[in-house]
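Trainee: got a structure for you, letters missing:
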């Protein structure tokens, strides 16, 4: 092994070397635990707990194969957003390699292995074991540690041998879960009418329900009443008399008549002769018998289905049973339709709010300074949603000095945009202090940390430019490394740092240099380099770097537009998966 080379060990498929008794005992214990349940979540949780007793990992994950990718199904120690969004292409990364080769992979130092996907900082060791079933990978069991050279060959053997059992257990649990879900779905479909379940407009649903009931029972008079929670009454929504829609009673009190009796009892009320029942309230003089069926959803009466007939003793127990099933179906469909209508109203309101937020965010993002700072500048951003989680900012420190920032808030949408607006406000409030890059990131981290929101953080690059000295200073807080075109080559400015809002006390490194006319600084968000084509390939920093080299003679605005066009062409105009933001500064 060459000095500094990381050790990577791949487990063979079989081995003739006898395993130590302790390893066999461990394997037996874990194997028994894995096979003791058919609930997939329980299987994986129990597996994680049993392995933890023998291998003190810090991060645990089971990734399942979904097409050409691995996606987390169960994890311990991963950030929630990472679990939800990370998809590892099979063949890439440590886990993707294990899945592609069908062999376990043990890496003693991830920092020296170029396959490692640096999703979580401070990870130094990783052990990934494929879950193989009939020669094909169904997933990968992956454990990680912050200590280098942490996992041992014995531990690798345990997990490698366990993997086949776990793969079978997972497949059995998945099949069981699938069969159980199918049974529940069939039962639900049997209980809910196909017609009513597909209608999401309340008025149309009620009209169709009246037609559906007519096909089952040849009624003469029908009323569908829905409960008004505010007024505490049942309001007539549909009234049909001898095939014609008519205007019936406007409302019925909760305790009134046969309808009120059915609602109070939460049970059908069948009256063979209304003239002999004191509860009856005459609405139609020709009525001789009545049947009221409550529509109940989650234990609450949401309405009553009421039928009347000019014949005595018209309604039978078969009618009661049939209408009870229809009423149950209708209750579910009504509640779905009501929720849909409420959702539609809420979505319309949300859309108005989002459009307002979009206008406000556009106003917050300042245009490129018009003052002469000796720079040709351009800023662009494209949002994956109505509002953007990326941001950029220009801080005027004076006629000779300018601050330039680009940030990316974790997550997307309104919450990320709001967090970004706060960050812009913080930067502007610090502007009078004329802080240099490392200092302003440190102070911003402290301020954001005082208002820490769980699961939220922000990456950022900040630079200052002094016109007279042509001096550039740059610091980075976890943002994509900026690019610098200088002396005919475009290279990364190798700066790293913790994102803002994660740790309380953080210091940041700073790069500085003097730029000559024609040299270019490019800040970019990860939504550009990590844009993918239909084959799952990344646009990548290398393409971005070469674009800048090939077109360095362009003006900043032309270069920014060119880059965005190239990314769009690469993705074949696919919808944005992440915000794309660029800030370009070219020395005049």
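Mentor: Happy to help now that I have it. Keep in mind it's a predicted model, so treat the numbers as computed, not measured.
Trainee: for the rest of this, base every contact and every neighbour count on C-alpha atoms.
Mentor: Will do.
Trainee: in a helix, residue 425, correct?
Mentor: Yes - inclusion of residue 425 in a helix is indicated when DSSP: H, G, I helix; E, B strand; the rest coil is applied.
Trainee: contacts for the helix or strand hosting residue 301 next, please.
Mentor: Per DSSP states H and E: residue 301 is located in strand 300-309. Outside strand 300-309, the residues that touch it by Cα atoms under 8 Å, 6 or more residues apart in numbering are 219-227, 234, 259, 262-263, 266, 286-296, 327, 331.
Trainee: model confidence over the next helix or strand after that strand, on average?
Mentor: Remark: after strand 300-309, the chain's next helix or strand is helix 317-364, criterion DSSP H and E. The pLDDT scores in helix 317-364 average 76.
Trainee: packing partners of helix 317-364?
Mentor: Other helices and strands packing on helix 317-364, by 3 or more Cα pairs under 8 Å, 6 or more residues apart in numbering; DSSP states H and E, are helix 153-191, helix 194-197, helix 202-216, strand 289-297, strand 300-309, helix 413-430.
Trainee: follow-up on the earlier one: buried among the contacts of strand 300-309? Make that a ChimeraX selection.
Mentor: Restricted to the buried members of the contacts of strand 300-309, where burial is judged by 16 or more other Cα atoms under 10 Å, the ChimeraX selection command reads as follows:
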select :219,220,221,222,223,224,225,226,227,234,259,262,263,266,287,288,289,290,291,292,293,294,295,296,327,331
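Trainee: contacting residues around the most centrally placed residue in the chain?
Mentor: Closest to where the C-alpha atoms of the chain average out (Cα atoms, centre = their mean) is residue 84, at 5.7 Å. Counting by Cα under 8 Å, 6+ apart, residue 84 makes contact with residue 72.
Trainee: that one belongs to a strand?
Mentor: No - judged by three-state DSSP, residue 84 forms no part of a strand; its state is helix.
Trainee: now residue 570: closest residue in space, sequence neighbours ignored.
Mentor: Across the structure, with Cα to Cα, 6 or more residues apart in numbering as the measure, the residue nearest residue 570 apart from its sequence neighbours is residue 533 (5.9 Å).
Trainee: tally of neighbours for that neighbour?
Mentor: Counted by other Cα atoms under 10 Å, the residues lying close to residue 533 total 17.
Trainee: cool, the one 4 residues further on as well?
Mentor: Here the neighbour count serves as a burial measure; for residue 537 (other Cα under 10 Å) it reads 13.
Trainee: separation between it and residue 322?
Mentor: As defined by Cα to Cα, to the nearest Å, residue 537 lies at a distance of 58 Å from residue 322.
Trainee: so where's the stretch 351-500 of the chain shaky on pLDDT?
Mentor: Counting by pLDDT under 70, the ranges of the stretch 351-500 of the chain that qualify are 351, 353-364, 386, 413, 453-455.
Trainee: please repeat the previous calculation with a cut-off of 80.
Mentor: Applying pLDDT under 80 to the stretch 351-500 of the chain picks out residues 351-366, 384-389, 411-419, 451-456.
Trainee: where along it do the strands fall?
Mentor: Defined through DSSP state E, counting those that start in this stretch, the strands belonging to the stretch 351-500 of the chain, from first to last, are 375-382, 390-396, 401-409, 458-466, 471-477, 483-486, 489-492.
Trainee: could you dump these to TSV with distance to residue 578 and mean neighbour count?
Mentor: Formatted as TSV, those follow (distance: least, Cα to Cα, whole Å; neighbours: other Cα atoms under 10 Å):
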stretch	distance to residue 578	mean neighbour count
strand 375-382	9	20
strand 390-396	9	24
strand 401-409	10	24
strand 458-466	14	25
strand 471-477	19	23
strand 483-486	20	21
strand 489-492	22	18
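Trainee: of all those, which lies closest to residue 148?
Mentor: Across the strands of the stretch 351-500 of the chain, residue 148 has its closest neighbour in strand 471-477 (24.8 Å, Cα to Cα).
Trainee: walk me through which strands the closest one pairs with, and which way each runs.
Mentor: In the sheet, strand 471-477 lines up against strand 458-466 (antiparallel), strand 510-514 (antiparallel) (DSSP bridges).
Trainee: what does the average pLDDT come to for the last one?
Mentor: If I follow you right, that is strand 510-514. The pLDDT scores in strand 510-514 average 95.
Trainee: let's have the chain start at 27 instead
Mentor: In the new count, where the first residue is 27, that last one comes out as strand 536-540.
Trainee: mind checking how far that strand is from the chain centre?
Mentor: A distance of 39 Å separates the C-alpha centroid of strand 536-540 from that of its chain, computed with Cα atoms, centre = their mean, to the nearest Å.
Trainee: mind listing what's buried along that strand?
Mentor: In terms of neighbour count (16+ other Cα under 10 Å), strand 536-540 has its buried residues at residue 536.
Trainee: what's in contact with that strand?
Mentor: Strand 536-540 is touched from outside by 463, 464, 495, 496, 497, 498, 499, 500, 501, 502, 519, 521, with contacts defined as Cα under 8 Å, 6+ apart.
Trainee: ok, so of the residues you listed, who is nearest residue 128?
Mentor: residue 521 (36.4 Å).
Trainee: ok, that closest one touching residue 509?
Mentor: No - Residue 521 is beyond contact range of residue 509, at 10.7 Å (criterion: Cα atoms under 8 Å).
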